[in-house]
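Colleague: For reference, the sequence and a predicted model appear below.
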Amino acid sequence: MSGDDITIGAIGGIYLVFALGLTVTHFYRSILINLGWLNLDLFRLVPRVLAACILLAIAFHFAYIHIGNLIFGWTLKFLWNDQNLFAWGMLFFIWNLIYFAYIFFQRYRKEEIKNLKLEAARNEYELRRLRDQMNPHFIFNAMNTIRALIEEDPKKAKKAVTQLSNVLRSSLQTGKQEFIELKKELQIVHDYLEIEKARYEERLTINMDIDDSTLSIQIPPLILQTIVENCIKHGIAKLPKGGAILVQTIRHSDHVEINVLNDGEYIPSPEATSSLGLENTRNRLDLSFGKNAWLTIGNTDSGSVKTHIHLPISTT
């Protein structure tokens, strides 16, 4: 056999390996899909794959020898103790490892994406439910305030109705959004406090200490308004002489503090009516930011109640 014959035979053998490999693996892939092997667990899949590798190696080696003898004039014979059988079997085993690893990885990614979509849908539903729960809660409290004003001062009650319409317009515009700027939330708080100021007059003192650099941060709508409402209803309203409320924001490098302080005393109780607003706010913070945001409430050494909200700086 000349050098040219050896070269042609060697190159032909390489092309033959590739052609047979593509044909056999494509045929094998169709079979394992039809047989449902992709849905089997490892305990049932492994023995099937090992058996398939042996059969594929035999079929491949048989075809390789006979096609090579026919086309390239080889004089090879099929021998059961041929080392090439083991080599082909290992190649098919490696192919199976790569193929099933790819399939399992793709399924894992699809399942992960599916779970993330389901989790996002559940979170969105829960956020909507919590927002819808707070809207009537806020309206109910505001209407109670106006009802009290009607008896005390009809003119103030009329003005309060106008202010309430402003609050409702703002809350309806922002309530369906996942996040709003703190500046818009503060406007809602301001309008709400104006309603309460008309009722309590000198019994309510309002102070604002707002860091201008926090006005553009994104927060869930009605979060701060809910806290302020809670402070008025369960703090200031229970004090015969009234009291003061302070809304404060402080910006740090990676988070923002929102503090609401009011005169009074915080007495935690499982049956406290204030738990609805606080737990609602905690749930919304958790759904929106996870463990990066939280709410705490407690008494201070100066005799006031401090509600603290920790928010990550986000441009969502």
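Modeller: That came through fine. Residues are numbered from 1 along each chain as shown.

Colleague: Helices of the stretch 201-316 of the chain, residue ranges please.
Modeller: 223-234, 275-289 (DSSP state H, counting those that start in this stretch).

Colleague: least reliable of the ones you listed going by mean pLDDT?
Modeller: Here the lowest mean pLDDT among the helices of the stretch 201-316 of the chain goes to helix 275-289, at a mean of 80.

Colleague: For it, name the packing helices and strands.
Modeller: Packing partners of helix 275-289 (3 or more C-beta pairs under 8 Å, 6 or more residues apart in numbering; DSSP states H and E): helix 83-152, helix 223-234, strand 294-299, strand 304-312. In this view, the C-beta of every residue, glycine as well, is placed from N, C-alpha and C.

Colleague: Pick the most deeply packed of the ones you listed.
Modeller: helix 223-234 (a mean of 23; mean count of other C-beta atoms under 10 Å).

Colleague: end to end, how far does stretch 33-43 reach?
Modeller: 18 Å (C-alpha to C-alpha, to the nearest Å).

Colleague: wait, I meant stretch 165-184
Modeller: Across stretch 165-184, first to last residue, C-alpha to C-alpha, it's 16 Å.

Colleague: do stretch 65-80 as well
Modeller: One end of stretch 65-80 to the other measures 13 Å (C-alpha to C-alpha).

Colleague: can you tell me the average pLDDT over that stretch?
Modeller: On average, stretch 65-80 scores 83.

Colleague: buried set for that stretch?
Modeller: 65, 68, 72, 74 (16 or more other C-beta atoms under 10 Å).

Colleague: Could you list which of those belong to helices?
Modeller: Applying DSSP state H to the buried residues of stretch 65-80, the entries found in helices are 65, 68, 72.

Colleague: among the buried residues of stretch 65-80, which two are most distant?
Modeller: The largest separation in the buried residues of stretch 65-80, counting by C-beta to C-beta, is between 65 and 72 at 10.8 Å.

Colleague: re the thing from before, now render the ones in helices among the buried residues of stretch 65-80 as CSV, adding distance to residue 22.
Modeller: Listed next are those as CSV, based on distance: C-beta to C-beta, whole Å:
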residue, distance to residue 22
65, 18
68, 16
72, 19
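
Colleague: Which single one of those residues is nearest to residue 97?
Modeller: residue 65 (26.1 Å).

Colleague: so how far is residue 79 from that closest one?
Modeller: 9 Å (C-beta to C-beta, to the nearest Å).

Colleague: now residue 163
Modeller: In terms of C-beta to C-beta, residue 163 sits 97 Å off from residue 79.

Colleague: repeat for residue 212
Modeller: Distance from residue 212 to residue 79, by C-beta to C-beta: 86 Å.

Colleague: cool, residue 222 as well?
Modeller: For residue 222 relative to residue 79 (C-beta to C-beta), the value is 81 Å.

Colleague: what sits against residue 264?
Modeller: 234, 235, 236, 238, 239, 243, 304, 305 (C-beta atoms under 8 Å, 6 or more residues apart in numbering).

Colleague: Who does the last one form a beta bridge with?
Modeller: Looking back up the chat, that one is residue 305. Under the criterion DSSP bridges, residue 305 forms beta bridges with residue 262, residue 299.

Colleague: So it sits against residue 235, correct?
Modeller: Yes. Residue 305 sits in contact with residue 235 when judged by C-beta atoms under 8 Å, with a separation of 5.8 Å.

Colleague: Name the residues contacting each of these two.
Modeller: Joint contacts of residue 305 and residue 235 (C-beta under 8 Å, 6+ apart) are 262, 263, 264.

Colleague: Look up the closest residue to the second one, ignoring the ones flanking it.
Modeller: Going back to what we said before, that points to residue 263. residue 243 (2.8 Å; C-beta to C-beta, 6 or more residues apart in numbering).

Colleague: That neighbour: neighbouring residues, count only.
Modeller: 23 (other C-beta atoms under 10 Å).

Colleague: hang on, it packs against residue 235?
Modeller: Yes. Contact criterion C-beta under 8 Å: residue 243 and residue 235 qualify, at 6.9 Å.

Colleague: what sits in contact with each of those two?
Modeller: 262, 263, 264.

Colleague: Just name the closest of those residues to residue 297, please.
Modeller: Using C-beta to C-beta, the shared contacts of residue 243 and residue 235 come closest to residue 297 at residue 262, 10.5 Å.

Colleague: dump the residue contacts of that closest one.
Modeller: Residue 262 touches 231, 232, 235, 236, 243, 244, 245, 246, 304, 305, counting by C-beta under 8 Å, 6+ apart.
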